[in-house]
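1. okay, here's the prediction I keep looking at, along with the sequence it came from:
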Amino acid sequence: MEIKSAQFVISNTDVNKCSAPLMPEYAFIGRSNVGKSSLINMLCVRKDMAKTSGKPGKTQLINHFLINENWYLVDLPGYGYAQVSREKREKWEGFIRQYILNRPNLMCMMVLIDSRLAPQRVDLEFMEWLGENGIPFVMVFTKMDKLTKSKIAANIENYKKELLTTWEELPAMFYTSSEERMGREELLDFIDNSNTLFVKP
Ligand code: GTP
Ligand code: MG
(Lines give C-alpha, C1' and ligand atoms only; values in the text may rest on other atoms or scores of the structure.)
(Ligands and ions follow the chains in the order given, each with its own letter.)
Protein backbone atom coordinates (compact mmCIF):
# COMPACT_ATOMS: atom_id res chain seq x y z
CA MET A 1 0.00 0.00 0.00
CA GLU A 2 1.20 3.46 -0.83
CA ILE A 3 0.84 6.20 1.82
CA LYS A 4 -0.54 9.18 -0.04
CA SER A 5 -1.57 11.25 2.96
CA ALA A 6 -1.18 11.14 6.72
CA GLN A 7 -2.52 13.77 9.05
CA PHE A 8 -3.02 14.27 12.75
CA VAL A 9 -6.72 14.46 13.66
CA ILE A 10 -7.29 14.65 17.42
CA SER A 11 -5.83 13.80 20.84
CA ASN A 12 -7.89 13.03 23.92
CA THR A 13 -8.41 10.65 26.82
CA ASP A 14 -12.04 9.82 26.16
CA VAL A 15 -13.09 7.18 23.66
CA ASN A 16 -16.41 9.00 23.21
CA LYS A 17 -14.60 12.10 21.96
CA CYS A 18 -12.57 10.28 19.30
CA SER A 19 -13.54 10.69 15.61
CA ALA A 20 -16.75 8.92 14.62
CA PRO A 21 -15.92 5.22 14.14
CA LEU A 22 -16.67 5.18 10.42
CA MET A 23 -13.32 3.93 9.15
CA PRO A 24 -11.12 1.00 10.18
CA GLU A 25 -8.39 1.68 12.74
CA TYR A 26 -5.26 0.11 14.21
CA ALA A 27 -3.87 1.08 17.61
CA PHE A 28 -0.26 0.76 18.72
CA ILE A 29 0.44 -0.27 22.28
CA GLY A 30 3.31 -1.67 24.33
CA ARG A 31 5.71 -0.72 27.10
CA SER A 32 6.84 2.88 27.30
CA ASN A 33 9.78 3.54 25.00
CA VAL A 34 9.25 0.35 22.96
CA GLY A 35 8.98 2.47 19.79
CA LYS A 36 5.25 2.93 19.10
CA SER A 37 5.42 6.54 17.93
CA SER A 38 8.58 5.89 15.91
CA LEU A 39 6.93 2.98 14.12
CA ILE A 40 3.90 5.11 13.22
CA ASN A 41 6.23 7.72 11.71
CA MET A 42 8.19 5.03 9.89
CA LEU A 43 5.03 3.52 8.36
CA CYS A 44 3.89 6.95 7.18
CA VAL A 45 7.38 8.16 6.20
CA ARG A 46 6.88 11.21 8.39
CA LYS A 47 9.71 12.39 10.59
CA ASP A 48 7.88 13.88 13.51
CA MET A 49 4.17 13.32 13.01
CA ALA A 50 3.86 11.23 16.19
CA LYS A 51 6.03 12.71 18.96
CA THR A 52 8.92 10.49 20.04
CA SER A 53 11.48 10.74 22.83
CA GLY A 54 14.47 8.93 24.30
CA LYS A 55 12.71 9.18 27.66
CA PRO A 56 9.76 6.87 28.42
CA GLY A 57 6.32 8.38 28.96
CA LYS A 58 6.26 10.74 25.98
CA THR A 59 2.84 9.82 24.53
CA GLN A 60 0.14 10.52 27.10
CA LEU A 61 -3.09 10.68 25.08
CA ILE A 62 -5.06 8.71 22.49
CA ASN A 63 -3.78 10.21 19.22
CA HIS A 64 -5.62 9.66 15.95
CA PHE A 65 -3.93 9.98 12.55
CA LEU A 66 -5.95 9.73 9.36
CA ILE A 67 -4.18 7.81 6.58
CA ASN A 68 -5.08 8.01 2.88
CA GLU A 69 -8.38 9.59 3.95
CA ASN A 70 -9.78 6.13 4.69
CA TRP A 71 -8.24 4.52 7.79
CA TYR A 72 -6.73 5.51 11.14
CA LEU A 73 -3.52 4.81 12.98
CA VAL A 74 -3.73 5.38 16.72
CA ASP A 75 -0.76 6.16 18.96
CA LEU A 76 -1.38 5.27 22.61
CA PRO A 77 0.60 5.89 25.82
CA GLY A 78 2.87 3.08 26.95
CA TYR A 79 2.23 0.81 29.90
CA GLY A 80 4.57 -0.55 32.55
CA TYR A 81 6.61 2.58 33.11
CA ALA A 82 7.66 2.55 36.76
CA GLN A 83 8.71 6.23 36.95
CA VAL A 84 5.13 7.45 36.43
CA SER A 85 3.13 7.90 39.65
CA ARG A 86 0.64 5.16 40.47
CA GLU A 87 -2.22 7.59 40.25
CA LYS A 88 -1.26 8.72 36.76
CA ARG A 89 -0.61 5.16 35.63
CA GLU A 90 -4.03 4.02 36.79
CA LYS A 91 -5.64 6.95 34.99
CA TRP A 92 -3.84 6.08 31.74
CA GLU A 93 -4.65 2.43 32.04
CA GLY A 94 -8.28 3.27 32.70
CA PHE A 95 -8.81 5.34 29.58
CA ILE A 96 -6.70 3.04 27.41
CA ARG A 97 -8.79 0.05 28.46
CA GLN A 98 -12.03 1.98 27.88
CA TYR A 99 -10.80 2.91 24.42
CA ILE A 100 -9.85 -0.68 23.54
CA LEU A 101 -13.11 -2.17 24.79
CA ASN A 102 -15.43 0.47 23.30
CA ARG A 103 -14.12 1.27 19.85
CA PRO A 104 -16.24 -0.59 17.29
CA ASN A 105 -13.96 0.20 14.32
CA LEU A 106 -10.80 -1.10 16.05
CA MET A 107 -9.73 -3.84 13.63
CA CYS A 108 -6.64 -4.98 15.47
CA MET A 109 -4.28 -3.99 18.27
CA MET A 110 -0.61 -3.87 17.35
CA VAL A 111 1.22 -5.04 20.47
CA LEU A 112 4.81 -3.84 20.28
CA ILE A 113 7.50 -5.94 21.89
CA ASP A 114 11.15 -4.94 22.35
CA SER A 115 13.09 -7.60 20.43
CA ARG A 116 16.09 -7.12 22.76
CA LEU A 117 14.34 -8.41 25.86
CA ALA A 118 13.33 -11.76 27.32
CA PRO A 119 9.54 -12.25 27.56
CA GLN A 120 8.17 -9.57 29.89
CA ARG A 121 5.38 -10.35 32.33
CA VAL A 122 3.60 -7.06 31.67
CA ASP A 123 3.39 -7.83 27.92
CA LEU A 124 2.22 -11.40 28.47
CA GLU A 125 -0.46 -10.22 30.90
CA PHE A 126 -1.62 -7.50 28.54
CA MET A 127 -2.02 -9.99 25.67
CA GLU A 128 -3.84 -12.32 28.04
CA TRP A 129 -6.27 -9.50 28.84
CA LEU A 130 -6.83 -8.82 25.12
CA GLY A 131 -7.58 -12.51 24.61
CA GLU A 132 -10.03 -12.64 27.52
CA ASN A 133 -11.87 -9.69 26.00
CA GLY A 134 -11.89 -11.05 22.47
CA ILE A 135 -9.79 -8.19 21.04
CA PRO A 136 -7.80 -9.23 17.95
CA PHE A 137 -4.08 -8.42 18.11
CA VAL A 138 -0.77 -9.07 16.39
CA MET A 139 2.72 -8.87 17.87
CA VAL A 140 5.21 -6.42 16.40
CA PHE A 141 8.83 -6.87 17.46
CA THR A 142 10.70 -3.53 17.46
CA LYS A 143 14.29 -2.29 17.38
CA MET A 144 15.48 -5.26 15.33
CA ASP A 145 18.58 -3.23 14.38
CA LYS A 146 19.84 -3.15 17.96
CA LEU A 147 21.07 -6.72 18.57
CA THR A 148 22.71 -9.51 16.57
CA LYS A 149 20.37 -11.69 14.54
CA SER A 150 21.12 -14.76 16.66
CA LYS A 151 20.34 -13.00 19.96
CA ILE A 152 17.06 -11.67 18.59
CA ALA A 153 16.12 -15.08 17.18
CA ALA A 154 16.68 -16.59 20.65
CA ASN A 155 14.46 -13.91 22.27
CA ILE A 156 11.69 -14.52 19.77
CA GLU A 157 11.90 -18.29 20.26
CA ASN A 158 11.56 -17.75 24.01
CA TYR A 159 8.50 -15.59 23.43
CA LYS A 160 6.86 -18.24 21.28
CA LYS A 161 7.55 -20.94 23.88
CA GLU A 162 6.20 -18.77 26.67
CA LEU A 163 3.04 -17.92 24.71
CA LEU A 164 2.37 -21.55 23.87
CA THR A 165 2.11 -22.36 27.57
CA THR A 166 -1.20 -20.41 27.63
CA TRP A 167 -2.26 -19.93 23.99
CA GLU A 168 -3.26 -22.68 21.60
CA GLU A 169 -2.14 -20.70 18.59
CA LEU A 170 0.45 -18.00 18.15
CA PRO A 171 -0.67 -14.57 16.94
CA ALA A 172 0.71 -13.14 13.69
CA MET A 173 4.17 -11.66 14.26
CA PHE A 174 5.96 -8.82 12.50
CA TYR A 175 9.63 -7.92 12.74
CA THR A 176 10.49 -4.23 12.48
CA SER A 177 13.13 -1.57 12.81
CA SER A 178 12.07 2.05 12.52
CA GLU A 179 15.73 2.99 12.04
CA GLU A 180 16.13 0.71 9.04
CA ARG A 181 12.56 0.85 7.79
CA MET A 182 12.30 -2.91 8.25
CA GLY A 183 8.89 -4.62 8.25
CA ARG A 184 7.08 -1.68 6.67
CA GLU A 185 5.72 -3.46 3.60
CA GLU A 186 4.57 -6.44 5.67
CA LEU A 187 2.65 -4.28 8.15
CA LEU A 188 1.08 -2.12 5.45
CA ASP A 189 0.03 -5.24 3.50
CA PHE A 190 -1.57 -6.62 6.64
CA ILE A 191 -3.47 -3.37 7.20
CA ASP A 192 -4.48 -3.18 3.54
CA ASN A 193 -5.99 -6.66 3.76
CA SER A 194 -7.73 -5.98 7.07
CA ASN A 195 -9.23 -2.78 5.67
CA THR A 196 -11.16 -4.84 3.12
CA LEU A 197 -12.89 -6.66 6.01
CA PHE A 198 -14.25 -3.48 7.60
CA VAL A 199 -18.01 -3.26 7.71
CA LYS A 200 -19.38 0.26 8.08
CA PRO A 201 -21.67 0.58 11.10
P1 GTP B 1 6.17 6.33 24.86
O2 GTP B 1 5.38 7.28 24.04
O3 GTP B 1 7.00 7.04 25.88
O4 GTP B 1 5.37 5.23 25.44
O5 GTP B 1 7.30 5.64 23.91
P6 GTP B 1 7.16 5.01 22.44
O7 GTP B 1 6.85 3.56 22.57
O8 GTP B 1 6.25 5.82 21.59
O9 GTP B 1 8.66 5.11 21.91
P10 GTP B 1 9.29 6.17 20.88
O11 GTP B 1 8.81 5.92 19.51
O12 GTP B 1 9.16 7.53 21.45
O13 GTP B 1 10.82 5.71 20.89
C14 GTP B 1 11.57 5.60 22.09
C15 GTP B 1 13.06 5.64 21.76
O16 GTP B 1 13.43 4.47 21.03
C17 GTP B 1 13.46 6.82 20.89
O18 GTP B 1 14.72 7.27 21.33
C19 GTP B 1 13.56 6.22 19.50
O20 GTP B 1 14.48 6.90 18.66
C21 GTP B 1 14.06 4.81 19.81
N22 GTP B 1 13.63 3.85 18.76
C23 GTP B 1 12.36 3.59 18.38
N24 GTP B 1 12.33 2.65 17.42
C25 GTP B 1 13.60 2.29 17.18
C26 GTP B 1 14.24 1.35 16.29
O27 GTP B 1 13.60 0.64 15.50
N28 GTP B 1 15.59 1.26 16.35
C29 GTP B 1 16.33 2.02 17.21
N30 GTP B 1 17.66 1.84 17.19
N31 GTP B 1 15.79 2.92 18.05
C32 GTP B 1 14.44 3.05 18.05
MG1 MG C 1 5.00 7.37 22.06
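-> Looks like it arrived, so ask away. Ligands and ions are numbered 1, 2, ... in the order given.

2. show me which positions of the helix or strand of the chain with the lowest mean pLDDT end up buried.
-> Ranked by mean pLDDT, DSSP states H and E, the helix or strand of the chain with the weakest confidence is helix 86-101, at a mean of 89. Buried residues in helix 86-101, counted by 16 or more other C-beta atoms under 10 Å: 89, 92, 95-96, 99-100. The way it works is simple: take the backbone N, C-alpha and C, and place the C-beta from them, glycine included.

3. would you list the phi and psi of the nearest residue to N195 once chain neighbours are set aside?
-> Leaving aside its sequence neighbours, N195 sits nearest to P24 (C-beta to C-beta, 6 or more residues apart in numbering; 5.1 Å). Dihedral angles of P24 (phi, psi; degrees, to the nearest 10) stand at phi -70, psi 150.

4. beta partners of the spatially most central residue of the chain?
-> Centroid-nearest residue in the chain: F28, 1.9 Å away (criterion: C-alpha atoms, centre = their mean). Under DSSP bridges, the beta-bridge partners of F28 are D75, M110.

5. in this structure, what spans have low per-residue confidence?
-> Within the chain, the segments meeting pLDDT under 70 span 82.

6. kindly recompute the last result at 80.
-> By pLDDT under 80, the low-scoring segments of the chain are 80-84, 201.
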